[in-house]
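**Q** Following is a predicted model, sequence given first.
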Amino acid sequence: MDMDAEKAAMHAGSLSLDAFLRRRSGDRRLARLTHDVALPKGYGLEFGPAANPTSLPDGLKVSYVDHARDAHAGLAGAAPIDHAWAGSGSLAAVLGQTGYDFAIAAQVAQYVPNLLGWFRGIHAVLRPGGVLNIALPDQRFMFDVGRAHSTIAELVEADLLSYTRPSPRQLFAHTHEARALEPAQIWAGEDPAQAPRFCGEASLSLAFLRAKEEIETGHYVDCHCWVFTPLSFLDAVEGATLLGLFPFVLNQIGGSEPGAFEFYVSMRRAVEEDPQTRSGMQSTAISHLRTILERQRRMAALMGKC
């Protein structure tokens, strides 16, 4: 499909520009998911929209991408999936074009089996200066609270093996280690260590059974493949950048709001494509963002003592 035909097939935003700007001014989540998205016109991608695609103005056109076209079959109000891509291999080949202005993924990246491959695939289809905005669950404030942070070793393993569905290890950890705990309970001061496991007393045997079945059947089973806080995500990105496996330059990381459970990351495809220049830009960005996050953490700890 050529560029003009693909653009014609995209879904236009449902809001007027004025209505969108009014909504975004009072909706911090929408503002973060559309951070640096050029207005009034543009072409973009949204990953895993399910039944809650991001509200956009009518000048922005978007195609919806998920790991399968029927990923949310049967879900009332689910957005139609235009392209199926699980995160490994070429997204450009799936889309048949490049040069998109933006991409949005809200509560999606944690489900992607090969996260580094997913980032590189999206980077390749954005124009220079194009932006990717994501929302991720903050491990400290939701049911992953008892799980260990994902490591660069795990990210590299998934990338080298080009995972297209959750691995037995990812599925096992998600099933066994998730806690039956709501964000409001954590913010209210309840001890996560005392919360029961989400899958109950049989979580260990159930985790083994699900991992074994994944190998035997090859079925795609949704699970949280990755577990991050803002700082641990920044550490993982730093390691991946040093290995040449993360091509984006970070713009912004927004921490979780009080009472909420997700943080936000904005990144861009640098206009300057020279690897050495881009690496320097990324190093500066990571250092700046880490300073901000560390300051926020110190302030939160001090306020907690008051």
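**A** Noted; the coordinates are in hand. Numbers count the residues shown, from 1 in each chain.

**Q** so where's the protein uncertain?
**A** Under the criterion pLDDT under 70, the flagged ranges of the chain are 1-9, 303-306.

**Q** Enumerate every residue touching the one residue sitting closest to the centre of it.
**A** Centroid-nearest residue in the chain, with C-alpha atoms, centre = their mean: Ala109, separated by 3.0 Å. The neighbours of Ala109, taking C-beta atoms under 8 Å, 6 or more residues apart in numbering as the test, are Leu115, Trp118, Ile134, Leu136, Trp226. C-betas here are computed from N, CA, C, even on glycine.

**Q** how about 6 Å then?
**A** When contacts are counted by C-beta atoms under 6 Å, 6 or more residues apart in numbering, Ala109 touches Ile134, Leu136.

**Q** Number the chain from 8, please
**A** Let's use 8 as the start, then, which means that last one is Ala116.

**Q** Pop out the phi and psi values for it.
**A** When read as degrees, to the nearest 10, the backbone of Ala116 gives phi -60, psi -30.

**Q** helices or strands next to the biggest helix by length in the chain in the packing?
**A** Identified as the longest helix of the chain according to DSSP state H is helix 282-311. Contacts defined by 3 or more C-beta pairs under 6 Å, 6 or more residues apart in numbering; DSSP states H and E place helix 282-311 against helix 237-249, strand 256-261.

**Q** Show me the contact partners of the first one.
**A** Pointing back at helix 237-249 there. Leu123, His156, Ile159, Phe253, Ile260, Gly262, Phe270, Gln289, Ile293, Arg297, Leu300.

**Q** which pair in those spans the largest distance?
**A** Leu123 and Gly262 (23.1 Å; C-beta to C-beta).

**Q** Of the helices and strands packed on helix 282-311, which is nearest Leu63?
**A** Per C-beta to C-beta, nearest to Leu63 of those: strand 256-261, 19.2 Å.

**Q** Direction included, what does the following helix or strand past the closest one pair up with?
**A** Following strand 256-261 in sequence order, the next helix or strand is strand 269-275 (DSSP states H and E). In the sheet, strand 269-275 lines up against strand 133-144 (antiparallel), strand 256-261 (antiparallel) (DSSP bridges).

**Q** what's strand 269-275 in contact with?
**A** By C-beta under 6 Å, 6+ apart, the list of residues contacting strand 269-275 from outside reads 39, 42, 138-145, 237, 255-263.

**Q** Repeat the analysis, applying 8 Å as the threshold.
**A** For strand 269-275, with C-beta under 8 Å, 6+ apart as the criterion, the contacting residues are 36, 39-40, 42-43, 114, 136-145, 236-237, 240, 255-263.

**Q** same question, stretch 132-139
**A** By C-beta under 8 Å, 6+ apart, stretch 132-139 touches 42-44, 52, 98-99, 102, 104-112, 126, 129-130, 255, 258, 273-278, 280.

**Q** May I see the buried residues of that stretch?
**A** Neighbour-count burial for stretch 132-139, with 16 or more other C-beta atoms under 10 Å as criterion, is recorded at Val132, Leu133, Gly137, Val138, Leu139.

**Q** ok, of those, which one's closest to Asn59?
**A** Leu139 (18.5 Å).
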